[in-house]
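>>> Show me how the following folds:
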Amino acid sequence: MSAPGKIVVIGGGLAGLTAAIALSEVGADVTLAEARPRLGGATTSFSRGGLMVDNGQHVFLRCCVAYRGLLARLGMTGAVSLQDRFDVTVLAPGGRARLRRTALPGPLHMGQALMGYRFLTRAQRLRVARAALAMAALNPAKPELDRQRLGDFLAAHGQDERTRRLLWDLFTVSALNVNGDDANLSLAATVVKTALLGARDAADIGVPSVPLGVLHGQAAGALLARLGAQVRLGAKVAAIEVLPGGPGPRFRVRLAGRRGGDGPPDGAAPDGAGLDGAAPDGAGLDGAAPDGAGLDGAGLDGAGLDGAGEVIEADGVVLAVPSAVAARLAPAGTVSMGGVNTGTVGEPTATGNGPGPPGQPGPEQWQELATSPIVNVHVIYDRRVTRLPFAAAVDSPVQWVFDRTGPSGLRSGQYLAVSLSAADGYVDVPAPALRERFLPAMADLFPAARDARVTDFFVTRERRATLRQVPGCERLRPGAATALPGLALAGAWTDTGWPDTMEGAVRSGLNAVRVLRQGLAAPAGAFRPRDPGRAGVPGRVNGSDPVNEPGPAGAGATA
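Sure thing, here's the model as predicted:
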């Protein structure tokens, strides 16, 4: 059977962007439909008072090979800063410590950092080493680990309350976005074994040097246009229908009409507002949409939609949306058939690279996947209060703090962003109350802040930032393949072998492409080219020049 010509990718987050780029590169005719008026999903930026503000702080590690591969393909490797050696300053009121790896091979590379960690006693540090060795012996793929709490495992291996809070939580809370003791042991073991106990450079930390909207959305939009893909912004998908058997397209993707009270897209706030309907507290967005782009061109290529919406017929579909939306859109008869877990980019693990056994979680189970929030507290001072690019904190409500002065475009003073994972206790707290709590906490960590004037304070909230990665969640995560050939799932919530992170999202997009090509009986490299009249023609975003064309902030980035 010949390979398909037309693929619709639903969702313009990192998973959907990865899938759309990979499919376009092998010759598929790709249309990407994104409900919001911009690309990037949960990694986005908006304009406020002349500054570019990220909706939340995102970092990556050197071991995130799939994500780094995406950055390279986007030409944005030079737009991030990656440590040459893992090095984290840990602050506490009245003191600080430093965790810095050595050049020894893993896992010995972290030994000196642990032994010098002054917030724990010598006896506690020795017990940490023994617990780490026990975790190194775990196999995250074993189903019984999915049923266990990280806290119970650590306590059983000599980790007291203070050790868990002052050391283990530094890494597991931010990586899994759930309170440390409640974390899924399987996923926690994946993080610790891969990043901290693996190759010596695996945990080196990378941070964006430009706004997220430039790094992901704008760069991906420009690349997709060059590849000839069609990008539809503000295009909410209402249904996916399976067409009768026979030659020709297999699916009908129905877009929601633009009239008749459809309301905002799933998971998106009204245009120009923050995600989940929560604009940064205490201020408007200067009338700007996320990514600083206007909302013109957010229609559907001038398709003349009526109340029933436009219809796109396709040979294959990649469903790269949140789990609840995927469950609603999945056609009748969609049952997950397992997926592909990748070890390194493009290389499947021993689990194989084809559909797994039947009986894997389906749409009803996807809806059981709970989510966990992240809150970011943004503080702008009239002067510099720290020279640290980022730091962790203990014995403080602050978890991690990042210097966003340069990427935001701030010309004087300093802009610090406090990232709060597992933020159930903060997500509904009003901004004035958060100000009362966090400004004194910042002054305790940065003494220079006591004499500085706060020129702006606001809060961004991601209410459904990630999958809630607690015991039992792994059994609910489907693989990329479904029972319908030509329909593949993507998203960091799917079973990638990784936690719900940017790396997991990119891996999921690669998994979906691999499964889609297998399900449509396409041998490697055999995707049918686009119509000869379109092959090589730059793509369009909503029928006009790409609204995501990189601006000066992305200039000079190299692969």
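
>>> Strands of the stretch 1-150 of the chain, start to end?
6-10, 29-34, 45-48, 51-54, 60-61, 80-82, 87-92, 95-100 (DSSP state E, counting those that start in this stretch).

>>> bridging residues for the residue lying closest to residue 400 once chain neighbours are set aside?
Excluding its sequence neighbours, the residue lying closest to residue 400 (C-beta to C-beta, 6 or more residues apart in numbering) is residue 419, at 4.7 Å. Every residue, glycine included, has its C-beta placed from N, CA and C. On the basis of DSSP bridges, residue 419 is bridged to residue 376, residue 400.

>>> give the contact list for residue 405.
Counting by C-beta atoms under 8 Å, 6 or more residues apart in numbering, residue 405 touches 413-415.

>>> returning to that earlier point: can you tell me how far the residue nearest to residue 400 sits from residue 475?
29 Å (C-beta to C-beta, to the nearest Å).

>>> so how many other residues sit close to residue 198?
The number of residues packed near residue 198 is 16, by other C-beta atoms under 10 Å.

>>> Excluding chain neighbours, what is closest to it?
residue 106 (5.3 Å).

>>> Surely the one you found touches residue 202?
Yes: applying C-beta atoms under 8 Å as the test, residue 106 and residue 202 come out as touching, 7.0 Å apart.

>>> Throw the contacts of residue 405 into CSV and include secondary structure, thanks.
Output for the contacts of residue 405, formatted as CSV (DSSP: H, G, I helix; E, B strand; the rest coil):
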residue, secondary structure
413, coil
414, strand
415, strand
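
>>> Which residues are in contact with residue 104?
Applying C-beta under 8 Å, 6+ apart, the residues contacting residue 104 are 111, 200.

>>> rerun that using 10 Å as the cut-off
When the contact criterion is C-beta atoms under 10 Å, 6 or more residues apart in numbering, the partners of residue 104 are 110-112, 200.

>>> Let me have those residues in a markdown table, extended by neighbour count and distance to residue 173.
Shown next, in a markdown table, are the contacts of residue 104 (neighbours: other C-beta atoms under 10 Å; distance: C-beta to C-beta, whole Å):
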| residue | neighbour count | distance to residue 173 |
| --- | --- | --- |
| 110 | 22 | 18 |
| 111 | 15 | 23 |
| 112 | 14 | 24 |
| 200 | 19 | 24 |
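
>>> which one of those residues sits closest to residue 39?
Checking these against residue 39 with C-beta to C-beta, the nearest one is residue 200 at 35.2 Å.

>>> tell me the secondary structure for the closest one?
Classified using three-state DSSP, residue 200 is coil.

>>> Surely it is in contact with residue 110?
Yes: applying C-beta atoms under 10 Å as the test, residue 200 and residue 110 come out as touching, 8.5 Å apart.

>>> who touches both of the two?
Counting by C-beta under 10 Å, 6+ apart, the residues touching both residue 200 and residue 110 are 86, 101-102, 104.

>>> ok, so of those, who is nearest residue 318?
Closest to residue 318, out of all of these and judged by C-beta to C-beta, is residue 86, at 34.7 Å.

>>> Who are the contact partners of that closest one?
61-62, 99-102, 109-110, 113, 195-196, 200-205.

>>> try it again with 6 Å
Contact analysis of residue 86 by C-beta atoms under 6 Å, 6 or more residues apart in numbering lists 101, 203-204.

>>> now do residue 9
16, 19-20, 32, 318 are the contacts of residue 9 under C-beta under 6 Å, 6+ apart.

>>> Can you find the helix or strand of the protein with the lowest average pLDDT?
Lowest by mean pLDDT, DSSP states H and E among the helices and strands of the chain is strand 347-348, with a mean of 36.

>>> Just the buried residues of the next helix or strand after that one, please?
Using DSSP states H and E, the helix or strand that directly follows strand 347-348 along the chain is helix 363-366. Using 16 or more other C-beta atoms under 10 Å as the test for burial, helix 363-366 gives 363, 365-366.

>>> Other residues contacting helix 363-366?
323, 326-327, 330, 476.

>>> I figured residue 462 was touching residue 375, is that so?
No: contact criterion C-beta atoms under 6 Å: residue 462 and residue 375 do not qualify, at 7.6 Å.

>>> The two: who's more crowded?
More crowded of residue 462 and residue 375, by other C-beta under 10 Å: residue 375, with 25 against 22.

>>> Setting the sequence-adjacent residues aside, check what's closest to that one.
Residue nearest to residue 375 in three dimensions, not counting chain neighbours: residue 423, with 4.0 Å by C-beta to C-beta, 6+ apart.

>>> Equivalent analysis for residue 18, please.
Going by C-beta to C-beta, 6+ apart, residue 18 has residue 509 as its nearest residue, at 2.9 Å.

>>> got a list of what the one you found touches?
15, 18-19, 490.

>>> SS state for it?
On the basis of three-state DSSP, residue 509 is classed as helix.

>>> Residue 152 too?
Per three-state DSSP, residue 152 ends up helix.

>>> Distance of it relative to residue 457?
39 Å.

>>> before we move on, the earlier item: what is the burial count for the residue nearest to residue 198?
By the other C-beta under 10 Å criterion, the neighbourhood of residue 106 contains 18 residues.

>>> Same question for the one 10 residues further on.
By the measure other C-beta under 10 Å, the count of residues near residue 116 is 12.

>>> My guess is residue 205 contacts residue 83. True?
Yes: between residue 205 and residue 83 there is a contact at 5.2 Å, judged by C-beta under 6 Å.

>>> Low-confidence regions, this structure specifically.
1-4, 248, 258-308, 336-359, 521-559 (pLDDT under 70).

>>> Find the centremost residue of it, please.
Nearest to the geometric centre of the chain sits residue 502, at 3.4 Å (C-alpha atoms, centre = their mean).

>>> ok, now which ones touch it?
Going by C-beta under 6 Å, 6+ apart, the list of residues near residue 502 reads 14, 60, 67.

>>> so what's it closest to, chain neighbours aside?
Nearest one to residue 502, counting by C-beta to C-beta, 6+ apart, is residue 67 at 5.0 Å.

>>> ditto for residue 146
According to C-beta to C-beta, 6+ apart, the nearest residue to residue 146 is residue 474 (4.0 Å).

>>> about what we covered before: next one: the residue nearest to residue 198 relative to residue 67, how far apart?
From residue 106 to residue 67 the distance is 20 Å (C-beta to C-beta).

>>> now swap in residue 206 and tell me
9 Å.

>>> element containing residue 372?
Per DSSP H and E: strand 371-381 holds residue 372.

>>> Same question for residue 163.
helix 161-163.

>>> can you list contacts of that helix?
For helix 161-163, using C-beta under 6 Å, 6+ apart, the contacting residues are residue 124.

>>> can we see that at 10 Å?
So helix 161-163 is contacted by 119-121, 123-125, 127-128, 131, 151, 154-155, 169, 181, 394-395 (C-beta under 10 Å, 6+ apart).

>>> Which one of those residues is nearest to residue 5?
Among these, residue 169 lies closest to residue 5 (C-beta to C-beta), at 49.9 Å.
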